[in-house]
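Student: turn this into a model:
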Amino acid sequence: MHNKKLKKATFGAGCFWGVEDIFRKLEGVMDTQVGYAGGDFDHPSYQDVCSGVTGHAEVVEVNYDPEIISYNDLLDIFWNIHDPTTLNRQGPDIGTQYRSVIFYHNSKQEELALESKKSLEASGRYEREIVTDIKPAGKFWRAEEYHQQYIEKTGRKSCRF
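Tutor: Here you go, the predicted structure:
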């Protein structure tokens, strides 16, 4: 397989450990890494991001083969693994770093993300407003090594404690 055909997607849906674990298991996902995006602070650490002052979200960068799994398939997974109606919160995790966000890498991803959000809103699945941000991907800062594949490394079943 040639890396030239791989595409990149970036999602924030709460604790990045669990989000990464779900995406890593999908056929067609070749690699993932967790990190920080959407903030205005260079080289943030986990402690910086947790302080809430950097503006970063915990995100998962997904490298995938579009001949095996489509961006729309990834969007479907994204919408189904978290609650996109809770602002700056997923389950017990509270803070702007846990916000629901899609960072698109090109105009086609933007179009597909906006369409999928609009479709989900129209479906009536949620009584509350979907608060997911859809923004252009900026600088991705890779999280510390101990966060990478954390669920696999620790043998946890999820990131909920």
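Student: tally of neighbours for residue 47?
Tutor: Around residue 47 there are 8 other residues, counting by other C-beta atoms under 10 Å. C-beta: built from backbone N, CA, C; applies to glycine.
Student: how about the secondary structure of it?
Tutor: Following DSSP: H, G, I helix; E, B strand; the rest coil, we place residue 47 in the helix state.
Student: C-alpha coordinates for the top helix by length along the chain, PDB please?
Tutor: Longest helix of the chain, by residue count under DSSP state H: helix 107-123. Only the C-alpha atoms of helix 107-123 are listed here, as PDB (Å, rounded to 0.1, in the frame of the first residue of the first chain):
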ATOM      1  CA  SER A 107     -13.200  21.600   1.300                       C
ATOM      2  CA  LYS A 108     -14.700  18.200   0.600                       C
ATOM      3  CA  GLN A 109     -14.400  17.100   4.200                       C
ATOM      4  CA  GLU A 110     -15.900  20.400   5.300                       C
ATOM      5  CA  GLU A 111     -18.900  19.900   2.900                       C
ATOM      6  CA  LEU A 112     -19.400  16.300   4.100                       C
ATOM      7  CA  ALA A 113     -19.100  17.200   7.800                       C
ATOM      8  CA  LEU A 114     -21.600  20.100   7.400                       C
ATOM      9  CA  GLU A 115     -24.000  17.800   5.500                       C
ATOM     10  CA  SER A 116     -23.800  15.000   8.100                       C
ATOM     11  CA  LYS A 117     -24.400  17.500  10.900                       C
ATOM     12  CA  LYS A 118     -27.400  18.900   9.100                       C
ATOM     13  CA  SER A 119     -28.800  15.500   8.400                       C
ATOM     14  CA  LEU A 120     -28.400  14.400  12.100                       C
ATOM     15  CA  GLU A 121     -30.100  17.600  13.200                       C
ATOM     16  CA  ALA A 122     -33.000  16.900  10.800                       C
ATOM     17  CA  SER A 123     -33.300  13.300  12.000                       C
END
